[in-house]
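> Make a model of this:
(one chain, ligands or ions: 1)
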Amino acid sequence: MKETIEFIQKKIRDFKPELGIILGSGLGDFADNIDGVRIKYQDIPGFETSTVAGHKGQLVFGEVLGKKAVIMQGRYHFYEGYHISRIVYPIKVMKKLGVKTLIITNAAGSVNKSYKAGDLMVISDHINLMGVNPLVGENDATLGDRFPDMSEVYSHALVDFVQKKGKELGITVRKGVYAAMSGPSYETPAEINMLRIMGADAVGMSTVPEALVANYCSMRVLGISCITNSAAGVHPSRLSHAEVVETAAKTKDSFMKLLMAVIEEI
Ligand code: HPA
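You can find the predicted model right below:
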């Protein structure tokens, strides 16, 4: 960690990010227009290289609407084969760099039958069904407690704020529970039924490890999902990554608008 932080600080000098943003599938180009320092994951000591199509794999340090931010353009997924502790390493790095608020975005399938592809959903809570917890192992007490509380992983104030902003902008923002599966296979219709019974509204393969660790590190967390498809069994059609990326791209404009409005006042 010391080596990672020293490496990054040599590049960004006295820039101190307070806001962290993780860009999910199809949203990566949000960071393209930001004037700042870009560091590829593969060049950072302690980071892995990201492999999924549609994900770039770099940290971007710069100002977004006057807020000092570090943006993850692309993220690590558990299904890529990394140890779960490697997936959340960038979150711990953000914490050490001074980040106080983390905005996490993702693409997700709708479990809730009233949701439609193209909807945005602010995450009110999550269910971790990945089968692993990123905090397993030795605890670093400088970051957080051994047994951290998880009763408000996603800031209720930020959830309300996003819904208010959505209304002002005329963008429908659902509020729901995100269930995380390990992937990489999509779910079966029976699994989606199970998730619905459990109280999930959306399903995806990311976000939960990062949100969990950010909360452990006492960061304020906001999660927003782009609903890219109906989950398995809701409609007779088959699921594909191409559909996920395509819908995310189509929804990008309203997603960015909402994101910018939120960042402006965060
Ligand atoms: N299931 C899991 N992950 C996803 C989905 C889905 O239907 N859509 C986008 N990410």
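
> Spell out whether the helix or strand hosting Val244 and the ligand are in contact.
Assigning secondary structure by DSSP states H and E places Val244 in helix 241-265. Yes: for helix 241-265, a contact with the ligand is found by CB under 6 Å from any ligand atom, at Val244. For the C-beta atoms, the positions are set from N, CA and C on the backbone; glycine is no exception.

> so where does Met194 fall, helix or strand?
According to DSSP H and E, Met194 maps onto helix 189-198.

> Which residues does the helix holding Val244 contact?
With CB atoms under 8 Å, 6 or more residues apart in numbering as the contact definition, helix 241-265 has outside contacts at 19, 21, 24-27, 29-30, 53-54, 64-65, 67, 69, 103, 105, 107, 117-118, 120, 158, 161-162, 165-166, 168-169, 171, 173, 222, 224, 226-229.

> buried sites along that helix?
244-245, 247-249, 251-252, 254-255, 258-259, 261-263 (16 or more other CB atoms under 10 Å).

> cool, and stretch 1-16?
Going by neighbour count (16+ other CB under 10 Å), the buried part of stretch 1-16 is Thr4, Ile8, Ile12, Phe15.

> Can I get it in CSV? Just the C-alpha atoms.
The C-alpha trace of stretch 1-16 is given here as CSV (Å, rounded to 0.1, in the frame of the first residue of the first chain):
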residue,chain,number,x,y,z
MET,A,1,0.0,0.0,0.0
LYS,A,2,2.8,2.4,0.9
GLU,A,3,4.4,1.7,-2.5
THR,A,4,1.1,2.2,-4.3
ILE,A,5,0.4,5.5,-2.6
GLU,A,6,3.9,6.8,-3.2
PHE,A,7,3.7,5.9,-6.8
ILE,A,8,0.4,7.7,-7.3
GLN,A,9,1.4,10.8,-5.3
LYS,A,10,4.5,11.2,-7.4
LYS,A,11,2.2,11.6,-10.4
ILE,A,12,-0.6,13.7,-8.9
ARG,A,13,1.6,15.8,-6.6
ASP,A,14,-0.5,17.8,-4.2
PHE,A,15,-3.8,16.9,-5.8
LYS,A,16,-6.1,15.5,-3.1
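
> Would you point out the helix or strand in the chain whose mean pLDDT is lowest?
In the chain, no helix or strand scores lower on mean pLDDT, DSSP states H and E than helix 241-265, which sits at a mean of 87.

> Export stretch 139-153 to CSV, keeping only CA atoms.
Below are the C-alpha coordinates for stretch 139-153, written out as CSV (Å, rounded to 0.1, in the frame of the first residue of the first chain):
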residue,chain,number,x,y,z
ASN,A,139,-7.9,-6.6,9.4
ASP,A,140,-6.1,-3.3,8.9
ALA,A,141,-7.4,-1.3,11.9
THR,A,142,-6.2,2.0,10.3
LEU,A,143,-9.0,1.5,7.8
GLY,A,144,-11.9,0.1,9.8
ASP,A,145,-13.3,-2.3,12.4
ARG,A,146,-13.0,-6.0,12.4
PHE,A,147,-16.8,-6.3,12.5
PRO,A,148,-18.1,-3.3,10.6
ASP,A,149,-21.7,-2.2,10.8
MET,A,150,-23.6,-2.5,7.5
SER,A,151,-26.9,-0.9,8.5
GLU,A,152,-26.5,2.1,6.1
VAL,A,153,-24.0,1.1,3.4
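
> So for it, mean pLDDT?
The average pLDDT for stretch 139-153 rounds to 96.

> what's next to that stretch, contact-wise?
Stretch 139-153 is contacted by residues Lys92, Lys95, Asp125, His126, Leu135, Ala211, Leu212, Asn215, Tyr216, Cys217, Ser218, Val221 when judged by CB under 8 Å, 6+ apart.

> Where does the fourth one fall, secondary structure wise?
Read that as His126. Here His126, judged by DSSP H and E, is contained in strand 120-129.

> Let's verify the residue in the chain that the ligand sits nearest to: helix, strand, or coil?
Closest to the ligand within the chain is Gly109: 2.1 Å, counting by CB to the nearest ligand atom. Secondary structure state of Gly109, per DSSP: H, G, I helix; E, B strand; the rest coil, is strand.

> gap between the two ends of stretch 179-192?
End-to-end span of stretch 179-192 (CA to CA, to the nearest Å): 10 Å.
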